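S.K.: Provide a 3D model corresponding to the input given below.
(chains A and B)
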Protein chains: 2
Amino acid sequence: MKTYSDCIPCLAKQAIRLSRMVGLTTSKEEQVLREVLTTLSRTPYHYPPPYLGREVYRTIKGVSGIYDPYEGKKRLINERIAHLLPRIKLEIEEGDDPFNTALRFAIAGNAIDFGTERKIDFEKELKEAGEKPFVRDESKELKKAIERANTILYLGDNAGETFLDKLFISQFPAGKKVYYGVRGAPIINDATKKDAEVAGISEVAEIVENGSDAPGTILDDCSVEFRDLFDTVDIVIAKGQGNYETLSEVKRDNVFFLLMVKCPVIANDIGCPLGGMVVAKKG
Amino acid sequence: MKTYSDCIPCLAKQAIRLSRMVGLTTSKEEQVLREVLTTLSRTPYHYPPPYLGREVYRTIKGVSGIYDPYEGKKRLINERIAHLLPRIKLEIEEGDDPFNTALRFAIAGNAIDFGTERKIDFEKELKEAGEKPFVRDESKELKKAIERANTILYLGDNAGETFLDKLFISQFPAGKKVYYGVRGAPIINDATKKDAEVAGISEVAEIVENGSDAPGTILDDCSVEFRDLFDTVDIVIAKGQGNYETLSEVKRDNVFFLLMVKCPVIANDIGCPLGGMVVAKKG
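M.R.: Numbering: from 1, shown residues only, chains lettered A, B, ... in the order given. Okay, here's the model as predicted:
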């Protein structure tokens, strides 16, 4: 997906919000904003928004000297989700269709996002996940593709959400080789290797870092090993908006997007309403 | 008032909104946005926001070739307000305190604004104006200052609002020399000489153009004649946010601001809540 004009003010707002969160002085905040505006004025808009998002966060890291501004918040989220897990596990195990219920929770978990402007109550989303209809439902195709696959690359999105990804991956048939892709460095509240480990992902998948610090999967920015893996696995399951934005036009088959629609630009691009839970096969 | 960081994404959004309103192609819209971002990255933030607002609108005028994008909308607003006038006149004349009621309507009329992000229902505001308490009320001082003054410069803000300014000026004691300041060229929906004439301002005041195309009163950008007038009149009554932003720190006495608070940055700067009607003497 390309960067739309509407992404630009949103990225500038993120720069301001994050500058304040890390406690920059007003003059440092203005410095960040000026640098970000310069980048936004020069970068081609046919690149997906996470390309610009990466630059925004790099600028703030550079000015503030803080490597992982969301570290504390990610830790808190991990704790809160861990606390909710027993009830969710029970709901998955006791339901008629554990695969489908676990899938719903994995997508509802995508409500955890510190990058978007609208605040979503993820605890409410997790409560309602079992009942909420998908706004786009290609879950049967997804299930079949997983059954047929030997190798699966599952691209994680946010920290915390990882716990729910683990529950969903646990529902895959036995004998699959599953890789769980994470960002190569901290970016917003996206899951890193550490976050995946905290969630116990290594019990169900092999954690692979993508080598990039973008809030999505910009393949040109990923390591050679990661790109090889991406090209050769049987299916790719990509979680969240950032992965959708960067992979919606990628040239390979069997890519599934699982996400909650959290911004009007993506709602328009994907053709689904805001707040909707989406299971979509790349066209 | 200086430009705050939060003004920057808002100005970028205005550029996008206006580009679409005038029907620019996506590529022209992106050109406008890039030029605006460059300007926003370079302009000093100790200038008030209307300085940047002027640049945004100049860019769009340049790219689109449209001199007055809001001409049609201003005409419609003028017609709608003219239609509401008989009821408002009656309410002013039949009330206990015609000066105060007319003042309320003049401020409620400031709800007409196409530059702000939040849409305000100005017809609702005009309905409630008679009852709504001021969030800052220096109307007694204003009344006394008007009574004492021989010469008054009343700075208009938006087209349509001008009709209500006329009703308020009609309540000034006889024998005052009143000047009604308007922008020197079309900018957003701000009142120009033509809008003041349509509202019949010339029956109660002498219309003076300020020589500038900024959405406020940037004195350095105004004509010498206008600056002389500004410096020598007994009192200045400045309507609206743009005039507040550009004159809140001006070096002269007896300046009164009449406005509706329509943006959170100004709410914070002036210390009054959003949506509030303000009558404030410059401190």
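
S.K.: so residue A:18 is in which element?
M.R.: Residue A:18 belongs to helix A:7-21 when assigned by DSSP states H and E.

S.K.: ok, that helix near chain B or not?
M.R.: Yes - Helix A:7-21 is in contact with chain B by CB under 8 Å from any CB of the partner chain, via A:8, A:9, A:10, A:12, A:13, A:16, A:19. C-beta: built from backbone N, CA, C; applies to glycine.

S.K.: leaving out chain neighbours, which residue sits closest to residue A:53?
M.R.: For residue A:53, ignoring the flanking residues on the chain, the nearest one in space by CB to CB, 6 or more residues apart in numbering or on different chains is residue A:215 at 4.7 Å.

S.K.: which residues touch whichever residue of the stretch 151-283 of chain A sits closest to chain B?
M.R.: Proximity to chain B, evaluated over the stretch 151-283 of chain A using CB to the nearest CB, is greatest for residue A:265 at 11.5 Å. For residue A:265, the contact set (CB atoms under 8 Å, 6 or more residues apart in numbering or on different chains) comprises A:4, A:6, A:7, A:10, A:49.

S.K.: ok, now with 7 Å
M.R.: Going by CB atoms under 7 Å, 6 or more residues apart in numbering or on different chains, residue A:265 touches A:4, A:6, A:7.

S.K.: neighbour-wise, give me the winner out of those residues.
M.R.: residue A:7 (22 neighbours; other CB atoms under 10 Å in any protein chain shown).

S.K.: tell me the pLDDT of the residue lying closest to residue A:248 once chain neighbours are set aside.
M.R.: Excluding its sequence neighbours, the residue lying closest to residue A:248 (CB to CB, 6+ apart) is residue A:1, at 4.8 Å. Looking at residue A:1, its pLDDT stands at 96.

S.K.: give me the neighbour count for residue A:1.
M.R.: 20.

S.K.: pLDDT wise, what is residue A:19 at?
M.R.: With respect to pLDDT, residue A:19 scores 95.

S.K.: hang on, I meant residue A:119
M.R.: 65.

S.K.: just checking, what packs against the lengthiest helix in chain A?
M.R.: Longest helix in chain A by number of residues (criterion: DSSP state H): helix A:71-94. Judged by 3 or more CB pairs under 7 Å, 6 or more residues apart in numbering or on different chains; DSSP states H and E, helix A:71-94 is in contact with helix A:98-108, helix A:161-169, helix A:193-198.

S.K.: got the angle between the longest one and helix A:71-94?
M.R.: To tie it back to what came earlier, the one meant is helix A:98-108. 160 degrees (axes from the mean of the first three to the mean of the last three CA atoms, to 10 degrees).

S.K.: only C-alpha atoms, please: export helix A:98-108 in CSV.
M.R.: Output of helix A:98-108 as CSV, limited to C-alpha atoms (Å, rounded to 0.1, in the frame of the first residue of the first chain):
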residue,chain,number,x,y,z
PRO,A,98,-11.0,-24.0,18.8
PHE,A,99,-9.1,-23.0,15.6
ASN,A,100,-11.7,-20.3,14.8
THR,A,101,-11.9,-19.0,18.4
ALA,A,102,-8.1,-18.9,18.7
LEU,A,103,-7.9,-17.0,15.4
ARG,A,104,-10.5,-14.5,16.7
PHE,A,105,-8.4,-13.8,19.8
ALA,A,106,-5.2,-13.5,17.8
ILE,A,107,-6.9,-10.8,15.7
ALA,A,108,-8.6,-9.1,18.7
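
S.K.: can you pull the buried residues of the worst-scoring helix or strand of chain A on mean pLDDT?
M.R.: Counting by mean pLDDT, DSSP states H and E, chain A has its least confident helix or strand at helix A:122-128, which shows a mean of 81. By neighbour count with 16 or more other CB atoms under 10 Å in any protein chain shown, helix A:122-128 contains the buried residues A:122, A:125, A:126, A:127.

S.K.: for the residues you listed, which one is nearest chain B?
M.R.: Proximity of those to chain B (CB to the nearest CB) peaks at residue A:122, which lies at 25.0 Å.

S.K.: what helix or strand is residue A:41 on?
M.R.: Going by DSSP H and E, residue A:41 is part of helix A:26-42.

S.K.: so residue A:257, which state does it fall into?
M.R.: Secondary structure, DSSP: H, G, I helix; E, B strand; the rest coil: residue A:257 is strand.

S.K.: can I assume it is in contact with residue A:245?
M.R.: No - Residue A:257 lies out of contact with residue A:245 (CB atoms under 7 Å); the separation is 10.0 Å.

S.K.: in terms of neighbours, single out the busier of those two.
M.R.: residue A:245 (30 against 24).

S.K.: how about the more buried one, what does it touch?
M.R.: A:1, A:48, A:49, A:50, A:216.

S.K.: what about 10 Å?
M.R.: A:1-3, A:7, A:47-51, A:53, A:214-218, A:259, A:263, A:265-266, A:269-270 (CB atoms under 10 Å, 6 or more residues apart in numbering or on different chains).

S.K.: now do residue A:21
M.R.: Contacts of residue A:21 (CB under 10 Å, 6+ apart): A:60, A:64, A:66, A:69, A:70, A:73, A:114.

S.K.: which residues of chain A score low on pLDDT?
M.R.: Under the criterion pLDDT under 70, the flagged ranges of chain A are A:115-120.

S.K.: count of neighbours near residue A:98?
M.R.: 16.

S.K.: hmm, I typed the wrong one, I wanted residue A:274.
M.R.: Neighbour number of residue A:274 under other CB under 10 Å is 15.

S.K.: might you report the residue contacts of it?
M.R.: So residue A:274 contacts A:118, A:120, A:135, A:260, A:261, A:262, A:263, A:264, A:266, A:267, A:268 (CB under 10 Å, 6+ apart).

S.K.: tell me the buried residues in stretch A:169-180?
M.R.: A:169, A:171, A:172, A:176, A:178, A:179, A:180.

S.K.: before we move on, the earlier item: quick check: the residue of the stretch 151-283 of chain A closest to chain B vs residue B:16, distance?
M.R.: Using CB to CB, to the nearest Å, residue A:265 is found at 12 Å from residue B:16.

S.K.: with residue A:234 instead?
M.R.: Distance from residue A:234 to residue B:16, by CB to CB: 42 Å.

S.K.: which one's more surrounded, these two?
M.R.: The neighbour comparison of residue A:234 against residue B:16 (other CB under 10 Å) goes to residue B:16, with 20 against 16.

S.K.: you'd agree the more buried one is up against residue B:28?
M.R.: No - the pair residue B:16 / residue B:28 is not scored as a contact, 11.7 Å apart, by CB atoms under 10 Å.

S.K.: about what we covered before: and the residue of the stretch 151-283 of chain A closest to chain B, what element?
M.R.: If you go by DSSP H and E, residue A:265 is part of helix A:264-270.
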